[in-house]
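Asks: kindly generate the corresponding structure for this input.
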Amino acid sequence: MSQILMRMDSYTLLLKRGCMTYLSAQLRIFLIAAIAMVLCSLAFNAGAQSWPDKPVHLIVPFPPGGGTDTFARPLAAQLSKELGQQVIVESKGGAGGTIGAAIAAKAPSDGYTILMGAVHHTVAESIYKNLSYKLDKDLIAIRGVAFVPDVLVVNNKLPITSVKELISYSKNNPGKVNYGSSGNGTTRHLAGEIFNKLTGTSLVHIPYKGSGPAMTALMGGEVDLIFEGLGSAASYIRAGSIRALAVTSPKRSPAFPDIPTMTEAGVPGFESISWYGFWVPSGTPQIIQDKIFVATTKALNAPEIQTLWANQGADVGPATQKQFIQYVKDETDKWGKIAKNANVSID
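Replies: Next up is the predicted model:
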């Protein structure tokens with residue numbers, strides 16, 4: 001019996017030593033992990049404090065020549081001066097702006113990738129069934145940078161000088177009048193659908209891969225008309241390359257006081273504003289968000305930017321990040337309802 005007890009005591013001692021060894025190993029792993037986390041956090045915070053210390057990439061999710069690009073390039077040049085680092089514009093067009101947005105959403109949260117998003121991205125939330133990102137979860141809205149009315153413009157070869165004439169001409173030629181857009185599911189696409197519903201017309205939609213290609217198609221006679229942001233259409237209107245019939249804002253644009261509103265032109269209730277803003281990937285430190293906001297605000301206040309924006313009938317929108325975030329939410333809800341009523345969806 002005594003020998004059995006002695007063996008049991010030996011086994012108990014070995015078990016205790018094994019447990020202590022195991023616990024010591026676990027403790028070492030825990031301490032190493034904790035130290036690593038602290039060091040990473042310190043390095044991350046130090047990086048945030050010194051941001052930016054290398055070029056920043058501004059993703060424009062539409063092809064060159066469109067409304068987004070029109071505002072992005074001069075703003076990027078001015079922002080480079082404010083940040084002391086080059087802001088490189090990268091065009092990542094396709095799928096109504098969602099390809100570029102997805103790239104930005106998956107980028108590192110270090111402030112070196114900024115998305116120049118647009119109102120189209122609030123539409124995409126309810127139209128695209130298989131988006132690989134969520135606008136309100138994977139991206140953080142920073143600041144609105146340009147808000148501009150849309151304008152209904154027609155090809156000069158079309159025998160139309162007013163919205164009333166367009167409605168009459170379309171009804172007399174059902175299915176023969178078409179309109180281009182910057183892509184399926186964009187606000188320009190929905191604008192045509194809304195116009196059809198409000199006026200009883202049957203304009204045929206022809207999507208393009210951005211506003212630039214759509215504008216080229218309009219001037220080349222491939223399409224009869226488009227609903228375009230006044231900013232990107234302004235130079236063509238002034239040059240007489242296309243004919244403007246109406247702006248879609250509640251009031252006439254100071255930049256083009258002779259162009260009537262859609263309500264004045266005979267289609268009450270038709271309002272559409274194109275707007276553009278900055279987003280960063282979710283998880284970007286607030287200190288970097290604040291730096292981007294401040295630098296962008298300074299850039300927008302630069303005399304050359306203010307003059308350029310005024311010539312295109314644009315203003316800068318909400319004055320704070322919180323206000324812009326709420327604006328984006330409201331726009332997402334609004335366009336979601338419009339898309340549902342228009343029965344527009346994309347797989």
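
Asks: okay, CA-based contacts and neighbour counts for the rest of this
Replies: Will do.

Asks: so where is the protein shaky, pLDDT-wise?
Replies: 1-47 (pLDDT under 70).

Asks: if we go to 50?
Replies: 1, 4-5, 8, 11, 14-15, 23, 36, 38-44 (pLDDT under 50).

Asks: show me where it has helices.
Replies: In the chain, the segments counted as helices under DSSP state H are 2-50, 67-83, 98-105, 119-127, 135-138, 163-172, 187-199, 211-219, 230-239, 286-300, 303-311, 321-342.

Asks: what comes up buried for the last one?
Replies: Think helix 321-342. For helix 321-342, burial by neighbour count (16 or more other Cα atoms under 10 Å) applies to 321, 323, 324, 325, 327, 328, 331, 332, 335, 336, 338, 339.

Asks: just the fourth one next, same as before
Replies: Within helix 119-127, the residues that count as buried by 16+ other Cα under 10 Å are 119, 120, 121, 122, 123, 124, 125, 126, 127.

Asks: residue 145 against residue 279, yeah?
Replies: No - taking Cα atoms under 8 Å as the definition, residue 145 is not a contact partner of residue 279, at 10.9 Å.

Asks: among the helices of the chain, which is nearest residue 272?
Replies: Proximity to residue 272 (Cα to Cα) singles out helix 187-199 among the helices of the chain, at 7.5 Å.

Asks: so can I have JSON lines of the buried residues of helix 119-127 showing distance to residue 94?
Replies: Listed next are the buried residues of helix 119-127 as JSON lines, based on distance: Cα to Cα, whole Å:
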{"residue": "119", "distance to residue 94": "15"}
{"residue": "120", "distance to residue 94": "12"}
{"residue": "121", "distance to residue 94": "12"}
{"residue": "122", "distance to residue 94": "16"}
{"residue": "123", "distance to residue 94": "15"}
{"residue": "124", "distance to residue 94": "12"}
{"residue": "125", "distance to residue 94": "16"}
{"residue": "126", "distance to residue 94": "17"}
{"residue": "127", "distance to residue 94": "15"}
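
Asks: tell me the one among these nearest to residue 211.
Replies: Relative to residue 211, the closest of the buried residues of helix 119-127 is residue 120; by Cα to Cα it sits at 11.6 Å.

Asks: contacts only, for that closest one.
Replies: Neighbour list for residue 120: 96, 97, 185, 186, 187 [criterion: Cα atoms under 8 Å, 6 or more residues apart in numbering].

Asks: what's the farthest-apart pair in those residues?
Replies: Across the contacts of residue 120, the longest distance by Cα to Cα is 11.3 Å; it joins 97 and 187.
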